[in-house]
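Q: Below are the sequence and a predicted model for it; my questions follow.
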Amino acid sequence: MKIFIITLLQILNIAAFAQNKHTIKGRISNLDNGEALVGVSVGIKELFRQESFGDGSGNYSLTLPQGEYNLVFKLIGYKAKQIKIKLNKDRIFNVELEPEAISLDEVEISAQRTNENVKNVQSGVDKLEIETVNKIPVLLGERDILKTIQLLPGVMSAGEGNTGFYVRGGSNDQNLIMLDNATVYNPSHLFGFFSTFNSGVVDNMTIYKGSMPVQYGGRLSSTLDVSMRSGDFKGYHTSGSIGLISSNLTFEGPIQKERSSFIVSARRTYADALARIIGVDQVKDSKLYFYDLNAKLSYVLSDRNKLTLTAYWGKDKLGLNKVAAIDWGNAIAGLKWNHIFSAKASSATTFSYTDYTYNVDVDLTTGVNVASHIKDFNLNQEFGFYPDNKNAIKAGFTSIYHQVVPGDLSSKDPSQLQVSPYRHRKSWENAVFASNSTKLHDKMELSYGLRLSSFSVLGGGDYYNFENHAITDTISTKNGQFLKTYLNLEPRLSAAYQLNDASSVKAAYTRTTQHLHLLSTSNLSNPTDRWIANTNYIKPEIANQISAGYFRNFSNNMFEFSVELYYKDLQNQIDYKDGADVRAKEIIETELLFGKGRAYGIELFLKKRFGRFNGWIGYTLARSEKKMDGINNGKWYVANQDRTHDVSVVGIYDLNSKWTLSATWVFATGNPMTFPSGKYATDSHVIYYYGERNSHRAPSFHRLDLGAICTLKKTGKYISELAFSVYNAYGRKNPYMFGFRQSEDKPIVSESYMIYLFSVIPSVSWNFKF
């Protein structure tokens, strides 16, 4: 009986002990410069199956029964670190990892490998390391994160040399692109040939194309979340690049060592200046360049508080012989406060401002000027709660005030040219959200959440009712008046089941809505494309996406494989009626049609993650269609962004300690096109009749790019390298634009002609850091 009582007391003591749980939480950073490290694996030596991954800000959190543990922190390229802790209360514990140079011949580095792609509950998520981006050959040697993500399955290029991209059958404007939580409306320079993101200041980037976290909304297809580097907290550095048409320079360092830091970077192209120097008469009085500036200040106020201030300013300028000029660009500012309430609760508060503008000047007799902009004032609040090691709760809200000006027209001589400004549109977008990621058991994880979004059309001008593309009624509104409010529930659900330690199956359902729409008549990135917001007539676009996939790692996590299927149902889709006049119309609703859409496909991905040779192969088989009354007799037709086949092959080879070689090859089905089916002549002009919408195809697109990096010198404090690249190595004439004309030999016959931009383009740049 005594033994029974002792045994019973021991069981009760163990049970009570098991209920006494505590949370350890902290930030993981680089020992050399103090910057946050993303994706660090955090394991508990005594509990092999309990594991966590550091988030996008370098934070980790674990809830464990009271006791002593050995925590193991691992990340590729850093020395694994083991720390013994005594957990008898909630604790905040920050960790620094030391960078480690990995030998080219080293194969067994499994201690630093993770299988987050298998264990993560989210599907359709891709992360790219900036080191990989910097090794891939690109156009004119300008490293570009937007062109790199186009090499991933499900992400397709909008055209030759273009930073625009389509995700899972969605259009270019259905991608939410963010820089430190601030929206970027036009992420390109020089008509899409370069992106606004200077890779020298980018810390990490994640694209969500499947299961969308609840804190993201406002776009249908994807979210690209780009974070800037914080700058070195411990030492001062200068880095940069000098290329054939552009250069950049970055300064960073501590303001107060280990407590605050700064990073400032500038970039400019000078192709037009070089052309004038070598005597090209055509550009003597012309301008064609862009510049941008990035800056970030980071302050660690205490172990529980961090403040960051982000700023971006970019501008493109194009001038034609003092006849016409156009400039456009983004201005972004953001302030973020991270606060830790306790080991189980934290918050992130962000206020951001975005202003995208373009100006067109025509210096004729009347001097017409067109100015357009879209401004956002955004307040975002997120809370994180970690009650135990099986649940991670997120909740918060976002509030955005939009001001859209399609075009303010002015003239130096208004008496001779009557111009009237486009109406300013104001709106207020809000959302509240909550989600929980929970481990049901060792093999099953579930993430579920709900986002309630609202969009209010605010007064201050005239709105209209329409029937058969004609105005039937005018609604006059006052400033501040709520004309119409749209409410939408957006459920999000993801599930992952571990088949074993190396493989899993995942499924997800995501509902998203979009309230701002980009009107464009081509696949090209045009700065004068018009953004419009919901009105009493234009409704929010809605997407319902289901996806499922199989994920597997093999050969000791050296290889990563996945296959994903998706189906997307689209509502309230927008297209133009035949013969639409988009740019000259102030009341654009008379040119629009509304209907539904669908997109579906399969994505295959195979990646070699480590070793001297690494890279990946991605393949997408997809379809994107629309159906609208007034187009093709109400039948389904392929959307402008439809690509049946899309293939990307990427290879990176570390030849030795001095040379790194790389190559990419891409193939894609040609763009859908609408060909004329007839014509007639009037006043010496030929007018074409066009057949069914998008019933033809441009020739297929394919291209090989080659690259090589030669390390001239690399010490602890100085790096110097030359980067060589050859764009379109075998000179493929890929179509950029098509037109139609009368045949010179047979005027009665019409013929199509193709414009292509690039043949073989070699480039070289010098990169340095000290």
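A: Thanks, I have the structure now.
Q: list the contacts for the residue positioned nearest the centre of the chain?
A: Here the mean C-alpha position of the chain is nearest to the C-alpha of L224 (C-alpha atoms, centre = their mean), at a distance of 2.3 Å. L224 sits next to 149, 175-178, 205-207 when contact means C-beta atoms under 8 Å, 6 or more residues apart in numbering. Placement of C-beta: from N, CA and C, glycine included.
Q: what are the ranges of the helices in the stretch 101-250 of the chain?
A: Along the stretch 101-250 of the chain, counting by DSSP state H, counting those that start in this stretch, helices occupy 116-119, 130-133, 145-149.
Q: what residues are up against L489?
A: Contacts for L489 (C-beta under 8 Å, 6+ apart) come out as 450-452, 511.
Q: Kindly report the same for S494.
A: S494 neighbours (C-beta under 8 Å, 6+ apart): 121-123, 211, 446-448, 506-508.
Q: cool, N294 as well?
A: Residues in contact with N294 (C-beta under 8 Å, 6+ apart) are 198, 201, 228, 263-266, 311-312.
Q: can you check R623 too?
A: Shown in contact with R623 (C-beta under 8 Å, 6+ apart): 169, 598-601, 638, 642, 644.
Q: what about the residue nearest to the centre of the chain, distance to R598?
A: Distance of L224 to R598, given as C-beta to C-beta, to the nearest Å: 23 Å.
Q: got it, and G141?
A: Using C-beta to C-beta, G141 is found at 40 Å from R598.
Q: Tell me which of these two has more neighbours.
A: Neighbour totals were compared for G141 and R598, and G141 leads with 25 against 17 (other C-beta atoms under 10 Å).
Q: can you pull the contacts of the more buried one?
A: Counted by C-beta under 8 Å, 6+ apart, G141 has contacts 243-244, 723, 725, 763-765.
Q: what sits against the closest residue to it other than its chain neighbours?
A: Nearest residue to G141 in three dimensions, chain neighbours excluded: S763, at 3.8 Å (C-beta to C-beta, 6 or more residues apart in numbering). S763 is in contact with 139-141, 243-244, 724-727, counting by C-beta under 8 Å, 6+ apart.
Q: Check the secondary structure at S763 for me.
A: Assigned with DSSP: H, G, I helix; E, B strand; the rest coil, S763 falls in the strand class.
Q: Give me the neighbour count for the residue lying closest to E445 once chain neighbours are set aside.
A: For E445, ignoring the flanking residues on the chain, the nearest one in space by C-beta to C-beta, 6+ apart is V121 at 4.4 Å. V121 has 20 neighbours, counted by other C-beta under 10 Å.
Q: any idea which of the contacts of S763 is closest to S157?
A: For the contacts of S763, the residue nearest S157 by C-beta to C-beta is L139; the value is 11.7 Å.
Q: Quick check, pLDDT for the residue lying closest to M205 once chain neighbours are set aside.
A: In this structure, M205 finds its nearest non-sequential neighbour in V226, 4.7 Å apart by C-beta to C-beta, 6+ apart. Looking at V226, its pLDDT is 93.
Q: quick one: V226 and L179 touch, right?
A: Yes. Using C-beta atoms under 8 Å, V226 is in contact with L179, at 5.2 Å.
Q: intersection of neighbour lists for these two?
A: Common contacts of V226 and L179 (C-beta under 8 Å, 6+ apart): F197.
Q: Among the contacts of R623, name the ones in strands.
A: Among the contacts of R623, the ones falling in strands (DSSP state E) are 598-601, 638.
Q: of the residues you listed, closest to T350?
A: A599 (31.3 Å).
Q: And for that closest one, the neighbour number?
A: By other C-beta under 10 Å, 26 other residues sit near A599.
Q: pretty sure it is in contact with V167, am I right?
A: No. Because the distance of 9.6 Å does not satisfy C-beta under 8 Å, A599 is recorded as not touching V167.
Q: what's F738 in contact with, if anything?
A: By C-beta under 8 Å, 6+ apart, the contact set of F738 is 673, 698, 752-755.
Q: try 7 Å this time
A: F738 makes contacts with 673, 698, 752, 754, as judged by C-beta atoms under 7 Å, 6 or more residues apart in numbering.
Q: out of these, which is most surrounded?
A: A698 (18 neighbours).
Q: related to what we said a few turns ago, JSON lines please, covering the ones in strands among the contacts of R623 and showing distance to Y78.
A: JSON lines is the format used below for the ones in strands among the contacts of R623 (distance: C-beta to C-beta, whole Å):
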{"residue": "R598", "distance to Y78": "45"}
{"residue": "A599", "distance to Y78": "40"}
{"residue": "Y600", "distance to Y78": "41"}
{"residue": "G601", "distance to Y78": "37"}
{"residue": "V638", "distance to Y78": "47"}
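Q: Show me where the stretch 401-550 of the chain has its helices.
A: For the stretch 401-550 of the chain, no helices turn up when DSSP H, counting those that start in this stretch is the criterion.
Q: Once you drop chain neighbours, what's closest to T644?
A: In space, T644 is closest to T669, 4.3 Å off (C-beta to C-beta, 6+ apart).
Q: Check which strands are paired with the helix or strand containing I340 and give the direction for each one.
A: I340 belongs to strand 324-342 when assigned by DSSP states H and E. Using DSSP bridges, strand 324-342 pairs in its sheet with strand 305-320 (antiparallel), strand 345-362 (antiparallel).
Q: So for the longest one, mean pLDDT?
A: This means strand 345-362. pLDDT averaged over strand 345-362 gives 90.
Q: Look up the residues forming beta bridges with R703.
A: Beta bridges link R703 to V666 when assigned by DSSP bridges.
Q: helix or strand right after the worst-scoring helix or strand of the chain on mean pLDDT?
A: Lowest on mean pLDDT, DSSP states H and E among the helices and strands of the chain sits helix 2-19, with a mean of 41. Next helix or strand after helix 2-19 toward the C-terminus (DSSP H and E): strand 21-30.
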